[in-house]
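# Sequence and predicted model, in that order:
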Amino acid sequence: MAFYLRSKNLDLGEDDDFNIVLNRKDAERLGVREGEIALIGIGEVELHANVMETDSRVAEGEIGLFEEIWKDYRVDSGASIFIDIPQPSKSLDAISRKLLGHNLKEEDLKLIMNDIGTRKLRETEIAFFVSTFFNPGFNDDEIYWMTKGMAESGDTLSFKGINGNGHLVADKHSIGGVAGKAITPTLVPILVAGGLIVPNTSTRAITSPAGTSDILEVVMPVALSKEKVVEVVKETGGCMIWGGSLDISPADDVIINVERSLRIQEFQKVLVSIVAKKISMGITHILIDLPYGKGSKIERADDVQMLDREFKKLFKKFNIYCETIKRPINGPDGRSIGPNMEIREALRILEREEGCCNELEKVIIEMATKLFEGTKTVKRGEGKKFARQILDSGKALDKFWEIAFAQGATKRVKSTEIRTAHLQYDLLSDRDGVVKTLNNQELVKIAKALGNPKIKEAGMEMHKVPGDKVSKGEPLITLYATTETRMGGAKELLSIDRLYTFK
């Protein structure tokens, strides 16, 4: 039974979900219960929202709207909102068939992606779909159709013809799983200063202590509208934004939220997610970073070879040129973990500060070289020199802040001005030796105990990383925390034997 209710704008936000609050009597009249999905109409816009019930928060005849609805759709309190029960989704039948081991058709996967993107499915139903990536998995046709459906579930942006670039639009993306996210904030301004158009989108943390977007927003806004993104790229040649702020591949953003709750990711889903996002951003040339090693998302060389093939094969189907960088790792990227500390590390490299992380800089230059040469910006063999000149001259630093100000930053800060939490604790070495490996998974556990990514000032600095000599009594790691409770929880997880191996 459909009817209209008066809107009441609530001072509540719940990530990116659409949530409404109904008086219990109205919920009974509609025939909907807490946790179910309702269809609401705001003018000509229809949304599917999660229902919450109350006896007192909203009165009978009112509908409470979370910020994600009333802010995004500019709903005034007291507005008339249509509400109804949505028709059962046919995509549930397709998900059930997949759970039973059947292959799906293109129309099935397109419907599933659309229903997830428009929030017609509940989180539990999406979780069942996510589980099918693990068992039974998807064949090549299903992966292609799913990627296409995911990209088509939202907007597609175009950056062709900007600054005379023709059709060339470049980007870099990592599969993640490695602590430390200072590569992208340093790499993108080098590429853009070198003449490439780079509309970079990244994620917030899923399984890591901080996503690239988490560290970038320490110094600049990363949640931009579609129109603002196009404006920034036209003005500066690039952007560094949170992909979740755009309506690109919205099904992926919803699935990511479920993955974050479950704390899992599967390689086929990573493949689909990355390729769909790059299609939506109009990318023509992409560099995929495939770090592998003990404690990372990919531990075996065989798996990285498989992903290399699958990325190149899937991107080719969408006429996107793909290069990969397969790099064995035995520790984090850089010497810092935590949003503030990681953006500080990136700025140190851009500022050409003494003591900046040489290991990290080498990786960044290697990636820039691959993209400059792969896009034929320079001839083969000249990319490394070209990238280093841009970095050493200060052009990359200037471009970083040009992009930051275009995105809404209000102050140019130096790396020395980035704050860290006031409580500190040093983990001291109990032996002499040379560091062989530093376990990423253990670092992630400790960083999360410190409050990353939400507590941006918290984190850790690694004084000794693989290849470094260490003497007994020297500090290996310094922890930074905002409270004694956080520090105590992190210290309980500290174990030299779990974190380090030595030669």
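Perfect, I can see it now.
# Now find how far off-centre the top strand by length along the chain is within its chain.
Secondary structure of the chain per DSSP state E: the longest strand is strand 45-54. Centre-to-centre, strand 45-54 and its host chain are 26 Å apart (Cα atoms, centre = their mean, to the nearest Å).
# what is the rounded mean pLDDT of whichever helix or strand comes after it?
Per DSSP states H and E, the first helix or strand lying C-terminal to strand 45-54 is strand 62-65. Strand 62-65 shows a mean pLDDT of 97.
# what comes up buried for the very next helix or strand once past strand 62-65?
Using DSSP H and E, the helix or strand that follows strand 62-65 towards the C-terminus is helix 67-70. Residues of helix 67-70 classed as buried: 68, 69, 70 (neighbour count, 16 or more other Cβ atoms under 10 Å). (C-beta placed from N, C-alpha, C; glycine too.)
# who touches the second one in this structure?
Same thing as residue 69. 18, 19, 20, 40, 42, 47, 49, 75 (Cβ atoms under 8 Å, 6 or more residues apart in numbering).
# Isn't the fourth one up against residue 49?
Yes - A contact is recorded between residue 40 and residue 49 when judged using Cβ atoms under 8 Å, the distance being 5.7 Å.
# which of these two has more neighbours?
For residue 40 versus residue 49, the count of surrounding residues by other Cβ atoms under 10 Å is larger for residue 40: 24 against 21.
# Would you mark the buried spots in the helix or strand hosting the more buried one?
Residue 40 belongs to strand 37-42 when assigned by DSSP H and E. Residues of strand 37-42 classed as buried: 37, 38, 39, 40, 42 (neighbour count, 16+ other Cβ under 10 Å).
# out of these, which one sits closest to residue 169?
Residue 169 lies nearest to residue 42 out of the buried residues of strand 37-42, by Cβ to Cβ, at 34.1 Å.
# Beta-bridge partners for the closest one, please?
residue 45 (DSSP bridges).
# From residue 89, how far off is it?
Counting by Cβ to Cβ, to the nearest Å, the gap from residue 42 to residue 89 is 21 Å.
# Could you check how many residues crowd around residue 11?
Using other Cβ under 10 Å: residue 11 sits among 6 other residues.
# That one and residue 67 touch, don't they?
Yes - contact between residue 11 and residue 67 holds when scored by Cβ under 8 Å: they sit 7.3 Å apart.
# Can you show me the helices along the stretch 201-350 of the chain?
212-216, 226-236, 250-262, 267-280, 301-317, 339-350 (DSSP state H, counting those that start in this stretch).
# mean pLDDT for the ones you listed: which is lowest?
helix 250-262 (a mean of 83).
# Report the buried residues of it.
Using 16+ other Cβ under 10 Å as the test for burial, helix 250-262 gives 250, 251, 252, 253, 254, 255, 256, 257, 258, 259, 260.
# Name the nearest of the residues you listed relative to residue 121.
Among the buried residues of helix 250-262, and counting by Cβ to Cβ, the member closest to residue 121 is residue 254, at 8.3 Å.
# and residue 497, how many neighbours?
Residue 497: 10 neighbours (other Cβ under 10 Å).
# who does the helix or strand where it lies touch, helix- and strand-wise?
Using DSSP H and E, residue 497 maps to helix 496-499. Using 3 or more Cβ pairs under 8 Å, 6 or more residues apart in numbering; DSSP states H and E as the contact test, the elements touching helix 496-499 are helix 440-450, strand 475-481.
# Output it in CSV with nothing but the alpha carbons.
Output in CSV follows, covering the C-alpha atoms of helix 496-499 (Å, rounded to 0.1, in the frame of the first residue of the first chain):
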residue,chain,number,x,y,z
ILE,A,496,59.6,-8.9,16.9
ASP,A,497,59.4,-12.5,15.9
ARG,A,498,56.0,-12.1,14.2
LEU,A,499,57.0,-8.8,12.5
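# Packing partners of the helix or strand following that helix?
Counting by DSSP H and E, the next helix or strand C-terminal to helix 496-499 is strand 500-502. Using 3+ Cβ pairs under 8 Å, 6+ apart as the contact test, the elements touching strand 500-502 are strand 433-438.
# buried stuff in the strand it packs on?
433, 435, 437, 438.
# residue contacts, the first one?
Residues near residue 433 by Cβ under 8 Å, 6+ apart: 469, 470, 502, 503.
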